[in-house]
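Asker: Here is a sequence together with a model predicted from it:
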Amino acid sequence: MQIQPFSVNDGDGIRTTIFLAGCPLHCKWCANPEGFDAKPKTAFYEKLCVGCGLCTEVCPQKIGIDLHNLQARAKCINCGNCADICPKHAKKRMVEYKTVEEVIQEIKKHSLFLRQSGGGVTFSGGEATMQHEFLNVLSEKLYDMGFHLALETCGYFDFDTIKPILERMDFIFMDLKHIDTTQHKYYTGVGNETILKNMIRLQEINADIVIRIPVIEGVNADIAQIAESAKFVQQHLPKAKMELLPYHRFGFGKYEALDLPTPSNEFTTPSEEKMALLKNIIIEQGIALADFR
Amino acid sequence: MAGSTERVERIRLNYVNSKPAISYERARIWTESHKRTEGQPVAIRRAQAFYDTCKELCVNIFPDELIVGCSGEFRKCGILTPEFSWTWVDREMDTFATRAQDPYEMTDAQRAFVRKEIFPYWKNKSLEEAFLAQLSEETKRVAVDTGFVDTDSKWRQAVGEITADYQDVLFKKGFGGIKKEAETYLSELDATSLEGAEKIEFYRSIILVCDGIITLAHRYAQKAREMAETESDTKRKAELLEIAESCDVVPEQPPKTFKQALQFMWFTQLGGILSENPLAWNPGRFDQYMYPYYQADCEAGILTKAEALEWVECLWLKLSEWVWTISANTADFFAGYNQFQNLTVGGRTRDGKDATNELSYICLQATENTMAHQPGLSVRIHPDCPDEFMAAVTHLVSKGTGFPAIHSDQAGYQMLINAGYEPEDARDWSNCGCVVPHFRKTGEWTSAANLNFAAALEFATNQGKSRLSGKHIALDEKDPKQFTSYEEVEKAFYKQFAYLIKQAVISLIAAQRLHVEMVPRPFMSACIEDCMKNGKDLTKGGAKYNIGPVITGIGIAVVANSLAVIKKLVFEDHVTTMSELIDAIDANWEGYDVLRAKAQAVPKYGNDDDYVDDIAREIGNFFYEEVHQYKDIYGHNFLSAFMGISNYLPTGKVLGATPDGRKATEPISEGVSPYVGTDTSTPLAAMRSAAKLNQDLHSGGTLLNLRLNQDLVATKRGQANLGAMIQSYFALGAFHVQFNTVSTETLRKAQAHPEDYKDLLVRVAGYSTQFVNLSKSMQDSIIARNAHETF
């Protein structure tokens, strides 16, 4: 997992976002590649490195400074020693193990800021529900402490297992990446049947719901697709809002730092005009737009 | 167009584009007057010189002006006050026009005149010369032009640091009324006792300065009428006649309208400027004392909101046009022609209600429109502050001007209570200069000494010697290589630290005594209620409150970080020895890259890590205790503060490398801010660290500067979150925070030198992250996007 203690776009107010690693989907454009699986990872931001070599002193695998090569990556056991000692934060732990208590301590540090701003805690990923046992315990404790809770999910989970968690949420963001299951499977690795079923069952949950579409030129940025998605939401979750998020490549730096192949260039950011057009389709469908900018 | 009207915009463009010029007129008249008053009591001589200046100084009304009055023949004008110090002017004026920071125009003829006619008179008579003649060699070694302890703003300049009392004195009585009061007191006194003789002298000086400022206003009335006669533009003609009418009334009588109140205010500022060229001559709680006039005029239908805004903008530019004449060295400290006229809006009333009103908002708007560097706009934020006011404040923050300085109403109140104020007066606080909580019925040296904390550490780790010069400065103590425990290091630091504080106190006591003797302040005293009641000048402790001088600490983050390094690396983890560490900093870390990296990896103040924050808190507490035990010449305790200005640059210049990894001559840290680039967590963590320092102990004020990307606060939602951040910080007990929202230029620098900008947060899309962690192309796109938002 990773903790981002100052997050302002994942729900109301100032929030602490808990990224739980591991994801049942594998979207070809993913912005958080560190969350593909739950294994600890070590990022290397070469331009911050001053070449002091401290990291080499603590490396049990005797790897040099440069992590940007296949042999180094093959040898690295992601123990994180190098990240802990690096004075320039050029090496960084990307996924870490933490206990519920440790996470709660981190959140409590910022409790005043979260409460004063009307913010709270957001669970994100990867896919937060992949670690549902952990999330169940953590969310129950935070619920009892009175924190405003939000969940960002891809919607791919067993509803009955996750339901107790969902019931503690004040806010649920669920993604709808493509309304067509074939396309969905092509781009994310799984069909959308489970997701759509779960989306319908969100009616059972008393939380504010936002259905999010990451709008990607070359994947789903077309009028028909958006209209059909909106129709689905309108039909099954009439009180839900929708949020259209334009695709961005801001996660590319992380791919580079982790030595992962970056997503294809065929995915591009939709123009502002296009975004306005698509948002209008949502509004025409009678659905309110959500925006956390 | 930035100003709200074309008039304001014309004045603003002139202000932005023209270089200030030095006028020697005030100094000439002042000197001639002093030649005529030899043998008289000094208070009378100074009051007479003020009167003569008001009577003889040129009067100029510049194009478009609605508020009139100037300190010399130039619109952007600086004056000379040789009675405080003339030697530096003599040394530096040949390069006034060409120096890099804050240049002034001055002609050869002007220079020749002052060298021939003005300076010779003041030789051996200035405050500076007297001070230097009296100070011991030991104190000089530590506290004169060293960068270790710096008090020269109290003996090379006037003190300033006064807030005029419009509420209970000026707007109630006018200078005519004050004069009458002085005459009444005089009629009941005789010189049959020391007290009686001194009071007679005081009231006579008050009558002279009141006559002076009234005379000056009447000369402006006459000038406006003369100009109106020949003015062909009928609109301007009417304006000139209105100016004349206004100057007939104020500041002799209380103002009758909002516009007259503004003119009154400016004459008061001008009087203060002519009397001593002051730093931090504060307009105080402007929105409070001006509001009754605003409200009455709006109700009477003689003023609109738009008109009020235009006039306030004119005042802002007037406050920005005069120039505080300072040396090149001082200009490095106070870059940007700053005069530190602090104007405070918002907060609570004397009886504890919310005090914000329409004028509070107009003030914020005027600063946004004029982008003027004066007044120093401060806001007081209380827990129940209206959302609309907080929104207006954060909106202004988002404009990237660095304004307003945001203060906790409650912390300010608590600081004043701790300094001995009555609750009602404490609730009525306003700022002095930059971030000093202050009150208008007060005599106080709010920025008396700058104390370089890191110098104490240098002396503790170098047997009292300067690492750069090798000169012996402070206490000669044990060889640091022989230290055997962290406690010993700490003790050595505190010993040198206490020594520096003591030298600062010695130097300030000397300066205070000389001020009483040499530079009484009749004009300022007339503006402060209890001086009149007590029949005593400010310099003699005439004000209701006489608060001890403030010693400002610089570099607490550097010292805390350095001590943490010694504690962890030498005595806990044993990865190095005192000997190696001292060798490394002696060598300016050259050849010790690995050790330096290890030092940099030790927890740094500003990341909410108790390991180092606890050290910082302990230093802060010690500082307070040590400073507070000393009493000034009025018997009041000295106060501690963590203010900023740009003192962290020159104080860094005189130091060798420090154990935290800082290299020689690099800046140290300002106020309670983290060391630049080391608060790598979040702004929330930086705020939590800073709030641990028991800020309300430091009644001289505390300062936190944080840098935020403009994008974080570009939307109303972002601004609302910023408002919540501020309230949370204040709930933790903190006093002040100010935000820099970052320009494209800075982002480009951040790209070139990522190591110095690690704390720079940028809002990306759905999330926020550190700028330096983004790929080059992403950085480019953010820079490109940001450019669209600036002008």
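Answerer: Alright, I've got the coordinates. Numbers count the residues shown, from 1 in each chain, chains lettered A, B, ... in the order given.
Asker: Would you map the strands across the stretch 1-150 of chain A?
Answerer: A:2-7, A:15-20, A:42-44, A:91-93, A:120-125, A:148-153 (DSSP state E, counting those that start in this stretch).
Asker: pLDDT wise, what is residue 6 at?
Answerer: By default, I'm working from chain A. Listed pLDDT for A:Phe6 reads 86.
Asker: looking at chain B here, not the other one
Answerer: 96.
Asker: ok, now B:Glu444?
Answerer: Confidence score, pLDDT, at B:Glu444: 94.
Asker: about what we covered before: now the strands of the stretch 1-150 of chain A as JSON lines including mean neighbour count and distance to B:Phe340?
Answerer: For the C-beta atoms, the positions are set from N, CA and C on the backbone; glycine is no exception. Below are these laid out as JSON lines (neighbours: other CB atoms under 10 Å in any protein chain shown; distance: least, CB to CB, whole Å):
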{"stretch": "strand A:2-7", "mean neighbour count": "20", "distance to B:Phe340": "33"}
{"stretch": "strand A:15-20", "mean neighbour count": "26", "distance to B:Phe340": "39"}
{"stretch": "strand A:42-44", "mean neighbour count": "24", "distance to B:Phe340": "46"}
{"stretch": "strand A:91-93", "mean neighbour count": "22", "distance to B:Phe340": "42"}
{"stretch": "strand A:120-125", "mean neighbour count": "26", "distance to B:Phe340": "41"}
{"stretch": "strand A:148-153", "mean neighbour count": "23", "distance to B:Phe340": "42"}
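Asker: Which elements pack onto the one helix or strand B:Ala296 maps to?
Answerer: Using DSSP states H and E, B:Ala296 sits within helix B:286-299. If you count contacts as 3 or more CB pairs under 8 Å, 6 or more residues apart in numbering or on different chains; DSSP states H and E, helix B:286-299 packs onto helix B:258-276, helix B:305-321, strand B:342-346, helix B:358-370.
Asker: buried sites along the second one?
Answerer: Neighbour counts using 16 or more other CB atoms under 10 Å in any protein chain shown place B:307-321 of helix B:305-321 among the buried residues.
Asker: chain center to that helix, what's the gap?
Answerer: 21 Å (CA atoms, centre = their mean, to the nearest Å).
Asker: same for it, what does it pack against?
Answerer: In terms of contacts (3+ CB pairs under 8 Å, 6+ apart), helix B:305-321 is packed against helix B:6-17, helix B:258-276, helix B:286-299, helix B:358-370.
Asker: Figure out which of those helices is closest to A:Asn78.
Answerer: helix B:358-370 (50.1 Å; CB to CB).
Asker: hang on, the earlier thing: quick one: the helices and strands packed on helix B:286-299 as TSV, columns for mean pLDDT and distance to B:Ala720 too.
Answerer: As requested, the helices and strands packed on helix B:286-299 are exported to TSV (pLDDT from 0 to 100; distance: least, CB to CB, whole Å):
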stretch	mean pLDDT	distance to B:Ala720
helix B:258-276	98	32
helix B:305-321	96	25
strand B:342-346	96	17
helix B:358-370	95	16
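Asker: any chance of these in CSV, with distance to B:Phe623 too?
Answerer: Putting those into CSV (distance: least, CB to CB, whole Å) gives the following:
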stretch, distance to B:Phe623
helix B:258-276, 30
helix B:305-321, 33
strand B:342-346, 24
helix B:358-370, 33
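Asker: Any idea which of the ones you listed gets closest to A:Thr42?
Answerer: helix B:358-370 (46.3 Å).
Asker: Dihedrals phi and psi, the residue in the stretch 101-250 of chain A positioned nearest to chain B?
Answerer: Going by CB to the nearest CB, chain B is nearest to A:Ser117 of the stretch 101-250 of chain A, at 3.2 Å. When read as degrees, to the nearest 10, the backbone of A:Ser117 gives phi -90, psi 0.
Asker: Report the contact partners of it.
Answerer: Residues in contact with A:Ser117 (CB atoms under 8 Å, 6 or more residues apart in numbering or on different chains) are A:12-14, B:720-721, B:724-725, B:728.
Asker: and the gap between it and A:Leu138?
Answerer: Using CB to CB, to the nearest Å, A:Ser117 is found at 21 Å from A:Leu138.
Asker: same thing with B:Lys179?
Answerer: Relative to A:Leu138, and taking CB to CB, B:Lys179 is found at 73 Å.
Asker: Show me which of those two is the more surrounded one.
Answerer: Higher neighbour count among B:Lys179 and A:Leu138: A:Leu138, with 26 against 22, using other CB atoms under 10 Å in any protein chain shown.
Asker: Can you check the pLDDT for the residue nearest to the more buried one when sequence neighbours are not counted?
Answerer: Distances taken as CB to CB, 6 or more residues apart in numbering or on different chains put A:Val100 closest to A:Leu138, at 4.9 Å, once the chain neighbours are dropped. Looking at A:Val100, its pLDDT is 97.
Asker: What residues does A:Val100 make contact with?
Answerer: A:134, A:137-138, A:141 are the contacts of A:Val100 under CB under 8 Å, 6+ apart.
Asker: Could you do B:Ser689 as well?
Answerer: Going by CB under 8 Å, 6+ apart, the list of residues near B:Ser689 reads B:605-609, B:613, B:616, B:674, B:679.
Asker: distance of B:Pro522 from B:Ala49?
Answerer: 10 Å.
Asker: Looking at these two now, which is surrounded by more residues?
Answerer: Applying other CB under 10 Å to B:Pro522 and B:Ala49 shows that B:Pro522 carries more neighbours, namely 29 against 25.
Asker: In terms of pLDDT, where does residue 145 sit?
Answerer: Just so you know, I chose chain A. At A:Met145, pLDDT is 93.
Asker: my bad, the chain I had in mind was chain B
Answerer: 90.
Asker: domains of the chain?
Answerer: All of this refers to chain A. A:2-37+A:95-284, A:42-93 (automatic domain parsing).
Asker: wrong one, I was asking about chain B
Answerer: With automatic domain parsing as the reference, chain B has domains B:6-81+B:86-125+B:157-440, B:126-156+B:441-703.
Asker: Return the residues in contact with B:Phe202.
Answerer: Here B:Phe202 is in contact with B:43, B:522, B:525, B:531, B:535-537, B:542 (criterion: CB under 8 Å, 6+ apart).
Asker: Just after the lengthiest helix in chain B, pick out the following helix or strand.
Answerer: Ranked by number of residues, the top helix in chain B under DSSP state H is helix B:194-230. Using DSSP H and E, the next helix or strand after helix B:194-230 towards the C-terminus is helix B:234-249.
Asker: orientation of that following helix relative to helix B:6-17 in degrees?
Answerer: 80 degrees (axes from the mean of the first three to the mean of the last three CA atoms, to 10 degrees).
Asker: Can I get helix B:234-249 in CSV, CA atoms only?
Answerer: Extracted C-alpha coordinates of helix B:234-249, given in CSV (Å, rounded to 0.1, in the frame of the first residue of the first chain):
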residue,chain,number,x,y,z
THR,B,234,-13.1,71.3,-15.4
LYS,B,235,-13.1,67.9,-13.8
ARG,B,236,-9.6,68.2,-12.5
LYS,B,237,-10.3,71.7,-11.3
ALA,B,238,-13.2,70.4,-9.2
GLU,B,239,-11.0,67.7,-7.8
LEU,B,240,-8.3,70.3,-6.9
LEU,B,241,-10.9,72.4,-5.1
GLU,B,242,-12.1,69.4,-3.2
ILE,B,243,-8.5,68.7,-2.2
ALA,B,244,-8.2,72.2,-1.0
GLU,B,245,-11.4,72.0,1.1
SER,B,246,-10.2,68.7,2.6
CYS,B,247,-6.8,70.1,3.5
ASP,B,248,-8.5,73.1,5.2
VAL,B,249,-10.1,70.6,7.6
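Asker: What residues does the stretch 101-250 of chain B have near chain A?
Answerer: Within the stretch 101-250 of chain B, no position is near chain A by CB under 8 Å from any CB of the partner chain.
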